[in-house]
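Engineer: just to be clear, the model below is a prediction. Sequence and coordinates:
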Amino acid sequence: MSTPAGEGEDSVTTGDTAQKDGRTRNRHPRGLLILWNVEMWERFSFYGMRAILVLFLAAPEDQGGLGLAPHIAAAIFGIYGALVNLLALPGGWLADRLWGSYRAVLWGGVVITAGHCTLAVPAGSGATYLGLLLVAAGTGMLKPSISTMVGRLYDHEQDAAERDASRRDAGFSLFYMGISVGAFAAPLITGYLGERIDWHAGFGAAAVGMLIGLLVCLRGGRRLPAVTRERVRTAKPAELRRMLSLCTAAVAFVVLLCLGLVALWGMSFTKGIIQAVTALTVLIPVIYFVTMFRTAGLDQVDRSRLRAYIWIFLAASMFWMIAEQGGSLVSLFARDHVDRDLFGWEFPTSWFQSLGPFYSILLAGAFAALWIRMGTRQPSTAAKFAIGLGGLGVATLIMAGAGMAAAGGERVSPMWLLVAFLVQIMAEMCLSPTGLSVTTRLAPPRFANQLMSLWFLSVAMGSALSSQVVQLGTVWSPGTYFAVLGCAALACAGAVAVSRKHLSRLMRGVN
């Protein structure tokens, strides 16, 4: 790990601090490099599998795929994304009240590795769905906990100067760079193996990536500070029974609703699961909001801010509903309608999935510097959401242009996708960090963790809703489909822009 700017070369590289000439030279805490590597390899496995998932599901059986209709493949992709974020709720609870963060990361890595290994075995649709469920469950255990461990590295430091917020922010910036590195490299490797050699070879590469991350976690665990490995709180038997009851009720809801749809409406089991998981994903945020509003003791300011957050949540869900289709219908469009010839060689479709992380690496620092430079003159939270939704609408309309250009049967230039992904990432940088920030600012003290869970539930709900919306692709041409989505995003952006003053008043707690 490189030293921050302004630090001398004579600092000790393995400690938290070093004394030289009577001065204390600060470095990032011991353990950050370990967690950086674990996260990088976990994201490599996650995004590597994700890059080829919809292509594998929609590939004909004689080409090694499952042979599903494109809209069903895209719907399964959306439901998988919803489950990843839904299962972070019980995963975070296990880490906080039973296992501790380190054990949650460790066992999450084991489950993820098992899921990727299951996907790597060519054993039909049953193995595929089991593998996806295992990866989603393991990610739900690992993802919330590893970020918590990074924060505790800085909580562990003794010197007040070392707990400076800027060092913590810099540490998280380095940590999240690992996400972008893993997400960028993964589609290039798993995509080539999956599309050019065998789909299951691509899934196997994702399994190897997670296995490396798991080994790093095991070997480096003993070098992590004790505070990152201890249990914060041990769950009482009554709490454990309550969580088990809630999880059982959620599973029973999905199973019973699915069976009812299959029996009464004649749906296939796959479609029944898609509908049931979507219903659960919409129901859980409703329960969260109703429970919070009915809590005794909330003052007028807290209720006003919660009302504001409902609109933030809905706008974010709309954003993710469209943005998440970059890995499903946009990927299928690239497969069928984009000219991928590169000096006489056709590169894999999944390589387009590296564009988002690549743009993130290039632009993240620029956006952070822009907001700091603007200071108090930067746009309000509502304005940033409107800009983000508007940018997403423009990106989707660019895809509509690509769809219309391909209507004659000719393959279009990859520049359509290069520009669309660039605009989408710029839009995401306006909305996503702002959403995380406003969540922490609007949350009443007693609901700080629950409101952060709701932010991730907005991603889950967007993914689940996309599994419904993508089915319109069977009715409309790609040009019409993307045009309607783009206009919907622009309309939502306009509504947020018009309401920004009202939202600002609600956020300050003024009725």
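Structural biologist: Yes, it's here. Computed from a prediction, not measured in an experiment: that's the story for all the values here. Numbering: from 1, shown residues only.

Engineer: state the distance from Met452 to Ala69.
Structural biologist: 37 Å (Cβ to Cβ, to the nearest Å). In this view, the C-beta of every residue, glycine as well, is placed from N, C-alpha and C.

Engineer: higher neighbour count, those two?
Structural biologist: Applying other Cβ atoms under 10 Å to Met452 and Ala69 shows that Met452 carries more neighbours, namely 16 against 13.

Engineer: give me phi/psi at the more buried one?
Structural biologist: Here is the backbone geometry of Met452 (degrees, to the nearest 10): phi -70, psi -40.

Engineer: likewise the one 10 residues further on?
Structural biologist: Gly462 has phi and psi values of phi -60, psi -40 when expressed as degrees, to the nearest 10.

Engineer: that one contacts Ala316, doesn't it?
Structural biologist: Yes. Look at Gly462 against Ala316 with Cβ atoms under 8 Å: they come within range, at 7.2 Å.

Engineer: please enumerate the helices of the stretch 151-300 of the chain.
Structural biologist: For the stretch 151-300 of the chain, the helices defined by DSSP state H, counting those that start in this stretch occupy 165-192, 199-220, 237-265, 269-293, 300-323.

Engineer: try the stretch 351-500 of the chain
Structural biologist: 355-374, 381-405, 415-442, 448-469, 478-498, 500-507.

Engineer: now the longest one, how far from the centre of its chain.
Structural biologist: Mean-position distance between helix 415-442 and its chain equals 12 Å (Cα atoms, centre = their mean, to the nearest Å).

Engineer: cool, and the fourth one?
Structural biologist: Going by Cα atoms, centre = their mean, the spacing between the C-alpha centre of helix 448-469 and its chain's C-alpha centre is 10 Å.

Engineer: any idea how far Val216 is from Phe343?
Structural biologist: As defined by Cβ to Cβ, Phe343 lies at a distance of 37 Å from Val216.

Engineer: do the same with Leu314
Structural biologist: Applying Cβ to Cβ, one obtains 39 Å for the distance of Leu314 from Val216.

Engineer: those two: which has the busier surroundings?
Structural biologist: Counted by other Cβ under 10 Å, Leu314 and Val216 do not tie: Val216 has more neighbours, with 21 against 15.

Engineer: ok, the closest residue to the more buried one other than its chain neighbours - contacts?
Structural biologist: Excluding the flanking residues, the one nearest Val216 by Cβ to Cβ, 6 or more residues apart in numbering is Asn37, at 4.7 Å. By Cβ atoms under 8 Å, 6 or more residues apart in numbering, Asn37 lies in contact with 178, 213, 216, 220.

Engineer: so which of those wins on neighbours?
Structural biologist: Sorting the contacts of Asn37 by how many neighbours each has (other Cβ under 10 Å) puts Gly213 first, at 26 neighbours.

Engineer: list the contacts of it.
Structural biologist: 37-42, 44-45, 109.

Engineer: among these, which are in helices?
Structural biologist: Of the contacts of Gly213, the ones assigned to helices by DSSP state H are 37-42, 44-45, 109.

Engineer: turn those residues into CSV, including distance to Leu389 and pLDDT.
Structural biologist: Formatted as CSV, the ones in helices among the contacts of Gly213 follow (distance: Cβ to Cβ, whole Å; pLDDT from 0 to 100):
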residue, distance to Leu389, pLDDT
Asn37, 35, 90
Val38, 34, 92
Glu39, 29, 91
Met40, 31, 93
Trp41, 33, 95
Glu42, 30, 95
Phe44, 30, 96
Ser45, 31, 96
Gly109, 35, 95
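
Engineer: for PyMOL, what selects the buried ones among those residues?
Structural biologist: A single PyMOL command is used to select the members of these judged buried by 16 or more other Cβ atoms under 10 Å:
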select buried, resi 37+38+39+40+41+42+44+45+109
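
Engineer: just give me the closest of the ones in helices among the contacts of Gly213 to Val394.
Structural biologist: Proximity of the ones in helices among the contacts of Gly213 to Val394 (Cβ to Cβ) peaks at Phe44, which lies at 30.6 Å.

Engineer: the closest one contacts Leu211, correct?
Structural biologist: No. With contact defined as Cβ under 8 Å, Phe44 does not reach Leu211; the gap is 10.9 Å.

Engineer: one step back: and the helices of the stretch 151-300 of the chain: which comes nearest Ala334?
Structural biologist: helix 165-192 (11.3 Å).

Engineer: any idea of the mean pLDDT for that closest one?
Structural biologist: Taken as a whole, helix 165-192 has an average pLDDT of 82.

Engineer: mind giving me the packing neighbours of that helix?
Structural biologist: Counting contacts by 3 or more Cβ pairs under 8 Å, 6 or more residues apart in numbering; DSSP states H and E, helix 165-192 packs against helix 32-58, helix 125-155, helix 199-220, helix 355-374.

Engineer: can I get those helices in CSV including distance to Gly393?
Structural biologist: Formatted as CSV, those follow (distance: least, Cβ to Cβ, whole Å):
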stretch, distance to Gly393
helix 32-58, 23
helix 125-155, 29
helix 199-220, 33
helix 355-374, 17
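
Engineer: just those helices: most buried one?
Structural biologist: Stretch with highest mean neighbour count among the helices and strands packed on helix 165-192: helix 32-58 (a mean of 26; mean count of other Cβ atoms under 10 Å).

Engineer: what angle separates that one from helix 165-192?
Structural biologist: Angle between the axes of helix 32-58 and helix 165-192 is 30 degrees (criterion: axes from the mean of the first three to the mean of the last three Cα atoms, to 10 degrees).

Engineer: look up how far Val54 lies from the closest residue to Ala250 other than its chain neighbours.
Structural biologist: Spatially, and ignoring its direct neighbours in sequence, Ala250 is nearest to Leu280 (6.1 Å; Cβ to Cβ, 6+ apart). Between Leu280 and Val54 the distance, using Cβ to Cβ, works out to 22 Å.
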